[in-house]
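Trainee: I need the structure of the sequence given here:
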Amino acid sequence: KMVFKRATGNKSTEKSQISRTPGVRHSIFNRSSLVSSGIDSLDTALGGGMSLGTITALFEDYPSSWHSVFFRHFLAQGIASGHSVELISPDTAILRQLPALYEAPKADVSEEPSWLSDELRIAWRYKQSLQTQSQGVVSEPLHMAFSHRFDMSRTANEDVAKSVKAKILDGTIARQNIIDTVATCISEAEKKTDNEGLSIARIALESFGSVPWTCMEGIAADGDAWYSLLELMHILKGLVRGRRAVILLTIPAWVLDTDHGARV
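Mentor: Numbering: from 1, shown residues only. The predicted structure is shown next:
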C-alpha cells in the first residue's frame, strides 16, 4: 500500500522566507525567484527581473557606456537591498561611480483650511493626494522595495562602496581563487537570516576574457586560454545553480571576433 504525504519542512519555510527578503519577488511565469537588475525597464524586458541561480552575460558595447550603466545599477541595487555583493574586476574604478539613491521630494501638504465646506474638503483632500502621488512619495518601506530608483547625476558616498567585497585581478590571483571566492560568497549569504528574510549573493565579474583574466594562474597559455575560461564559466554556472545567488559578468565586445567568441 502506497501512502502519499504532503511535503513540508525546509523547502516551504525557505520559500516563505524568500518572499519576505528585500529585493526579491516570485516570477509570475514560473517558480523561480527574481532580483532586480536595478533598472525597471530592463527588469520588464527580462520577464520581471534576473532569476536566482543563473548567470547573465553582458557584452561591453564600447564606445558607448550602456553596459557600465547596467553594471553599476546591478551593484547599487544589491547594496540598497542589503544583499551580499562581491566584485571581481581588473580594478575598482566602478565602485567610485555607483549611482546614489534617488531622493523623492517631500510632498508640500499644507494644513487643511477650517472654513471649507464638506464638498470642498473632499475636493481639497483629493487634490493633495494627487500632488503626493505625482511627487513620487511611496508608502512602501525603502529597504523592502524590489527595485530602487537611482540618481545618475550623483554618485554614492564612499561608505556605500565599502560594503562591496572586491577582488582585484592584479596578477596574483589564480583561477582557483576566483572559484573559492564565489563559493564562499554564496555560502556565507545563505547562512545569513533575520526577521526580514534571507540574504542573497550578488556577484559581478567585469571584463571577463580581458588580458587580466587570461593571465591568471591556472589559465592555459596561448590559444588554450579561452578553453580554460570557458571551463571556469561552466564551474561558476554549477556553483550558482539552485542557490540564492545571481552572477552578472561583462564580456568585451572584441571577444565576438575571436575563434572562441561563438562558444561564449
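
Trainee: Could you count how many residues lie near the residue lying closest to Ser51 once chain neighbours are set aside?
Mentor: Leaving aside its sequence neighbours, Ser51 sits nearest to Ser32 (CB to CB, 6 or more residues apart in numbering; 4.4 Å). Heads up, the C-betas are built off the backbone N, CA and C, glycines and all. Neighbour count of Ser32, defined by other CB atoms under 10 Å: 15.

Trainee: tell me the contacts of Ser32?
Mentor: Shown in contact with Ser32 (CB atoms under 8 Å, 6 or more residues apart in numbering): 26, 51-53.

Trainee: rerun at 10 Å
Mentor: Taking CB atoms under 10 Å, 6 or more residues apart in numbering, we find Ser32 in contact with 26, 47-54.

Trainee: again with Thr181
Mentor: 86, 88, 165, 167, 173, 203.

Trainee: quick one: pLDDT of it?
Mentor: Thr181 is assigned 94 on the pLDDT scale.

Trainee: for the helix or strand it falls within, the distance to its chain's centre please.
Mentor: Per DSSP states H and E: Thr181 is located in helix 175-191. The chain centroid and the centroid of helix 175-191 are separated by 17 Å under CA atoms, centre = their mean, to the nearest Å.

Trainee: would you put the C-alpha positions of that helix in PDB?
Mentor: Presented in PDB, the C-alpha positions along helix 175-191 are these (Å, rounded to 0.1, in the frame of the first residue of the first chain):
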ATOM      1  CA  ARG A 175      41.700  30.700 -11.200                       C
ATOM      2  CA  GLN A 176      41.100  28.600  -8.100                       C
ATOM      3  CA  ASN A 177      40.900  31.900  -6.000                       C
ATOM      4  CA  ILE A 178      38.000  33.000  -8.200                       C
ATOM      5  CA  ILE A 179      36.200  29.700  -7.700                       C
ATOM      6  CA  ASP A 180      36.700  29.800  -3.900                       C
ATOM      7  CA  THR A 181      35.700  33.500  -3.700                       C
ATOM      8  CA  VAL A 182      32.400  32.800  -5.500                       C
ATOM      9  CA  ALA A 183      31.700  29.700  -3.500                       C
ATOM     10  CA  THR A 184      32.400  31.500  -0.200                       C
ATOM     11  CA  CYS A 185      30.200  34.500  -1.100                       C
ATOM     12  CA  ILE A 186      27.300  32.200  -1.900                       C
ATOM     13  CA  SER A 187      27.600  30.000   1.200                       C
ATOM     14  CA  GLU A 188      28.000  33.000   3.600                       C
ATOM     15  CA  ALA A 189      25.000  34.700   2.100                       C
ATOM     16  CA  GLU A 190      22.900  31.500   2.600                       C
ATOM     17  CA  LYS A 191      23.900  31.400   6.200                       C
END
